[in-house]
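K.L.:
sequence below, structure please.
(chains A and B)
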Amino acid sequence: GNSVTQMEGPVTLSEEAFLTINCTYTATGYPSLFWYVQYPGEGLQLLLKATKADDKGSNKGFEATYRKETTSFHLEKGSVQVSDSAVYFCALSPTGAGSYQLTFGKGTKLSVIP
Amino acid sequence: GAVVSQHPSRVICKSGTSVKIECRSLDFQATTMFWYRQFPKKSLMLMATSNEGSKATYEQGVEKDKFLINHASLTLSTLTVTSAHPEDSSFYICSARDRLLAGGYNEQFFGPGTRLTVL
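P.N.:
Numbering: from 1, shown residues only, chains lettered A, B, ... in the order given. From the prediction side, this is the model:
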């Protein structure tokens, strides 16, 4: 079956530090890949996505590249801010008609300190 | 962008009572809505998939008689936790899939979640 593995947190960084959150997946074919962010007490928001190999998703300074050869979709940001403190979820959705269920990783909590 | 609301945001109830949680798509029609449960420090667990006008499809291990789902319209789905017990306390999150994007990539729009506490 499909699965997503992401690095366990929590991750604590100083403001302006470089961020990497690793994510690898197991799936058949070419799934769509997503990063969602959950701020304290809120639901999930789509941060970025990639729908095919070598695509790069980007938003708010965050980037992730769909690597088919390593089945990875690592999240990066060059300079984090305190406002980036949240839980980040990597997820995949299989391709194919009617295949739109999301499989999530366990989430990585990021805390950015001033 | 697409907005999904949930009501209530928090609810506290006594053991044995039933609680209804509403999920609404505010500016789009949702072909499909999903209900998730999130445990502390854990990922989201898909409970069921709800299609408008038809019965919900429950994931393995989820009791359909305990978690009643009704998707009466393209903008509203409800989750009723029947005879709630303390172990049902959790954060419940719904998501919706835009009917107009049904042919595109598989994005879901998430509600803000409902914190259920059963005493």
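K.L.:
where does chain B have low pLDDT?
P.N.:
In the predicted model, chain B carries pLDDT under 70 at residues B:1, B:99-106.
K.L.:
can you pull out the helices in it?
P.N.:
Secondary structure of chain B, counting by DSSP state H: no helices present.
K.L.:
tally of neighbours for residue A:56?
P.N.:
Using other Cβ atoms under 10 Å in any protein chain shown, residue A:56 is surrounded by 10 other residues. Using the backbone N, CA and C atoms, a C-beta is placed for each residue, glycine as well.
K.L.:
ok, and the closest non-adjacent residue to the most centrally placed residue in chain B?
P.N.:
Residue closest to the average C-alpha location in chain B (Cα atoms, centre = their mean): residue B:35, at 3.3 Å. Residue nearest to residue B:35 in three dimensions, not counting chain neighbours: residue B:47, with 4.6 Å by Cβ to Cβ, 6 or more residues apart in numbering or on different chains.
K.L.:
just to revisit the earlier point, contacts only, for the residue nearest to the centre of chain B.
P.N.:
Shown in contact with residue B:35 (Cβ atoms under 8 Å, 6 or more residues apart in numbering or on different chains): B:23, B:46, B:47, B:48, B:50, B:67, B:69, B:77, B:79, B:92, B:93, B:94.
K.L.:
if you set the cut-off to 6 Å instead, what comes out?
P.N.:
The contact partners of residue B:35, taken as Cβ atoms under 6 Å, 6 or more residues apart in numbering or on different chains, are B:47, B:48, B:79, B:94.
K.L.:
what bridges to the closest residue to the last one other than its chain neighbours?
P.N.:
Taking Cβ to Cβ, 6+ apart as the measure, residue B:94 lies nearest to residue B:23, with 3.5 Å between them; neighbours along the chain are not counted. For residue B:23, the residues forming beta bridges with it (DSSP bridges) are residue B:6, residue B:77.
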